[in-house]
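Chemist: Following is a predicted model, sequence given first.
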Amino acid sequence: MPRLADVIVASALVVAVVIAAIAVGKVRRINCRFRVLDEIAGVADSGLPLDEALDAIAGILVPELGDFCTIDVLEGARIRRAAVRVAGPDAAAVEAGLLARKPALQERMATAAAEAC
């Protein structure tokens, strides 16, 4: 039968390994976020035309941080869908649907803001 001290040491080692694994996972997620931000900053500094830059940014975000991304641009009192990116098997069809869909809530907010000025 194992001694109590050996069991305690073994348990402590297991706990230490679990804590180390959690810490490594957190560091990897943080590094991933910084890498994504660095890539986005590179696109922003590249001098690309706005729509190309926004499309590139959407491409960085999907699938790294999410399954889809839509970026809408405020132009006066009008909202324009500038970029769409979708991950998954039906990505092209979903992207086409999102591009065709008018950003209604944002349009109402932009109109209200323009009228308030």
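Modeler: Here it is on my side, so go on. Numbering: from 1, shown residues only.
Chemist: For the helix or strand encompassing residue 22, name the packing helices and strands.
Modeler: Following DSSP states H and E, one finds residue 22 within helix 4-44. Helix 4-44 sits against helix 50-61, with contacts defined as 3 or more Cβ pairs under 8 Å, 6 or more residues apart in numbering; DSSP states H and E. In this view, the C-beta of every residue, glycine as well, is placed from N, C-alpha and C.
Chemist: Now residue 84. Its backbone dihedrals?
Modeler: phi -140, psi 140 (degrees, to the nearest 10).
Chemist: Check residue 90 too.
Modeler: Torsion angles at residue 90 (phi, psi; degrees, to the nearest 10) stand at phi -110, psi 30.
Chemist: Residue 85 versus residue 59, what's the distance?
Modeler: Per Cβ to Cβ, to the nearest Å, residue 59 is found 6 Å from residue 85.
Chemist: Compare those two (neighbour count), which wins?
Modeler: Per other Cβ atoms under 10 Å, whichever of residue 59 and residue 85 has more neighbours is residue 85, with 24 against 15.
Chemist: Next, the contact list for the residue lying closest to that one once chain neighbours are set aside, please.
Modeler: Spatial nearest neighbour of residue 85, chain neighbours left out: residue 58 (3.8 Å); criterion: Cβ to Cβ, 6 or more residues apart in numbering. Contacts of residue 58 were listed using Cβ atoms under 8 Å, 6 or more residues apart in numbering, and they are 69-71, 83-85.
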